[in-house]
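Engineer: here is a sequence with its predicted model. Questions after.
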Amino acid sequence: MQGRKVAIIGVGMTTFGEHWDRGFRDLVVEAGLRAIQDAKLTGEEISAGYVGTMASGALVGQEHAGALIADYMGLNPIPVTRVEGACASGSLALRQGVMAIASGLHDIVVVGGVEKMTDLDTAAVSEILGGAGDQEWELFMGATFPGLYAMMARRHMHEYGTTKEMLSAVSVKNHWNGARNKYAQFQKEITMEDAMTAKMVADPLGLMDCSPITDGAAAVILAPIEKAASYTKKPVEIVASEQASGTLALHSRKSLTSIEAAKIAGAKAYKTAGLTPKDIDVAEVHDCFTIAEIIATEDLGFFKPGESGPAALAGKTRFDAEIAINTSGGLKAAGHPVGATGIKQACEIAWQLRGEGEGTQVKDAKIGLTHNVGGSGATAVVHIYKQGW
Ligand code: COA
């Protein structure tokens, strides 16, 4: 990566779930303060902030989220900037923070992600989320996100023989991981039968193939690596931060069985880091639906096209197997407060590399990756991390 080397020196998050008793600002302040405490800062060292939120205006009526957060976190007058890229908003904010430090513009930066989604009913939330796709040609015609990913799943099944059992295996594994994550929305294991027989949402995706609607926030503190050692014994270096764009609408894509922007962002990230998929010990990937995890692990080169479903069924993506995928429980079980997800992924990888992964700690985890997608793949962001000590 060009410029100064950047490290995560502190992480923090709220529990993910339904926080009916707490406001948007309370969530982000809690996550931010936890990260500040984790980095052992007073807060005065911070010179800039970035926050990812996809739809705070539509979901809770609150625009101008950067200024609100600066105010409620006691950060005034430092600049705090809101970043939006649908469900990839968190990772886009992280990338802004990385660039601010790498360029020498700022030293200590706080990056947050937040969404408060459960104040509205499912229909209203679906319509707001649908704005992450092509409003005129998809949402207006009735295609919700479960519907869009269902089309991708059907095509994957048609081309590669991927089965409902394979999708269910992703869900069972992520619920198993989520059951061991104290921050997860669903801390309960499910069986293959639970996944296979859950109510249908958008054929072939049932309830257990879908990420839920979630409230939550997460935050990280970034610093130049040469200063990181004065705050923490275990800085986590960000060795690649790459982003790519693709078509908003599914119908404009050459293929429905992979996400081109994610493939490009992933390939660029490996090149920047001088690493290959085989070097990755643990990855948090964007499993907004079970098929999305299957596509992600193929796009990132962990498995060849068509081999990810069988790999999930064979248990190769468990925390103690070939490649640990979504040790947090992923979006499926840990929850998906859309703007917060990318930052939660970074928190999970930092914990894993620091050896604090609790019930799903990957043995000797030294290199991690996060993959965060906006909409059905129009924005993709991939970060690679390694132990910085
Ligand atoms: N997985 C497992 N359980 C879920 C769930 C999920 N994804 N979503 C809801 N539940 C549970 C609830 O906890 C509740 O359980 P309880 O009865 O024991 O309390 C029950 O199912 C009913 O919840 P409810 O909120 O009424 O579900 P719903 O049918 O209104 O919504 C979905 C379910 C799948 C339609 C909704 O979660 C959804 O739209 N998810 C996708 C979100 C999305 O598109 N995100 C962006 C991706 S790009």
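Structural biologist: Cool, got the structure. Numbering: from 1, shown residues only.
Engineer: where do the strands sit along this protein?
Structural biologist: 6-13, 46-52, 80-83, 108-116, 200-202, 205-206, 215-224, 236-245, 282-284, 324-325, 367-374, 379-387 (DSSP state E).
Engineer: phi, psi of the residue of the chain positioned farthest from its centre?
Structural biologist: What lies farthest from the middle of the chain is Pro77; by C-alpha atoms, centre = their mean that is 29.2 Å. The phi/psi pair for Pro77 (degrees, to the nearest 10) reads phi -100, psi 20.
Engineer: from Ala123, how far out is the residue lying closest to Ser258 once chain neighbours are set aside?
Structural biologist: With sequence-adjacent residues excluded and distances taken as C-beta to C-beta, 6 or more residues apart in numbering, Ser258 is closest to Asp299, at 5.3 Å. No exception for glycine: its C-beta is placed from N, CA and C like everyone else's. Computed as C-beta to C-beta, to the nearest Å, the Asp299 to Ala123 distance reads 31 Å.
Engineer: what do you get for Gln345?
Structural biologist: Taken as C-beta to C-beta, the span from Gln345 to Ala123 is 28 Å.
Engineer: of these two, which one has the most company?
Structural biologist: Gln345 (31 against 8; other C-beta atoms under 10 Å).
Engineer: just the pLDDT for Ser171.
Structural biologist: Note on Ser171: pLDDT of 99.
Engineer: who's in contact with Leu59?
Structural biologist: Glu115, Lys116, Met117, Asp119, Leu120, Val125, Ile128 (C-beta atoms under 8 Å, 6 or more residues apart in numbering).
Engineer: ok, Ala218 next?
Structural biologist: With C-beta under 8 Å, 6+ apart, Ala218 has these contacts: 11-14, 31, 90, 112-114, 340, 343-344, 346-347.
Engineer: bridged to it, which residues?
Structural biologist: On the basis of DSSP bridges, Ala218 takes part in beta bridges with Met13, Gly113.
Engineer: if I look at it, how far off is the ligand?
Structural biologist: 17 Å (C-beta to the nearest ligand atom, to the nearest Å).
Engineer: returning to what we had before: isn't the residue nearest to Ser258 right next to Ala262, touching?
Structural biologist: Yes: counting by C-beta atoms under 8 Å, Ala262 is a contact partner of Asp299 at 4.4 Å.
Engineer: need the residues touching each of these two.
Structural biologist: Common neighbours of Asp299 and Ala262, counting by C-beta under 8 Å, 6+ apart, are His371.
Engineer: skipping adjacent residues, who's closest to Ala249 in space?
Structural biologist: Nearest non-adjacent residue to Ala249 (C-beta to C-beta, 6+ apart): Asp134, at 3.8 Å.
Engineer: if I look at that neighbour, how far off is Val201?
Structural biologist: For Asp134, the distance to Val201 - C-beta to C-beta - is 21 Å.
Engineer: neighbour count for these two, which is higher?
Structural biologist: Asp134 (22 against 18).
Engineer: give me the pLDDT for that one.
Structural biologist: pLDDT recorded at Asp134 is 97.
Engineer: begin at 8 from now on, thanks
Structural biologist: Shifting the count to begin at 8 puts that one at Asp141.
Engineer: mind checking how far it is from the ligand?
Structural biologist: Where the ligand is concerned, Asp141 sits at a distance of 14 Å (C-beta to the nearest ligand atom).
Engineer: return the residues in contact with Ile391.
Structural biologist: Ile245, Val246, Ala247, Ala276, Tyr277, Thr279, Ala280, Leu282, Ile287, Ile374, Gly375, Leu376.
Engineer: number of nearby residues for the fifth one?
Structural biologist: As a burial measure, the neighbour count of Tyr277 was computed by other C-beta under 10 Å and equals 21.
Engineer: for the nearest residue to Gly362 once chain neighbours are set aside, give me its contacts.
Structural biologist: Nearest in space to Gly362, with sequence neighbours left out and distances taken as C-beta to C-beta, 6+ apart, is Gln368 at 6.6 Å. By C-beta under 8 Å, 6+ apart, Gln368 lies in contact with Phe326, Thr334, Gln359, Gly362.
Engineer: give me the buried entries from those.
Structural biologist: Phe326, Thr334, Gln359 (16 or more other C-beta atoms under 10 Å).
Engineer: now, which of the residues you listed lie within helices?
Structural biologist: Gln359 (DSSP state H).
Engineer: nearest to Gln194 among the buried ones among the contacts of Gln368?
Structural biologist: Relative to Gln194, the closest of those is Thr334; by C-beta to C-beta it sits at 14.0 Å.
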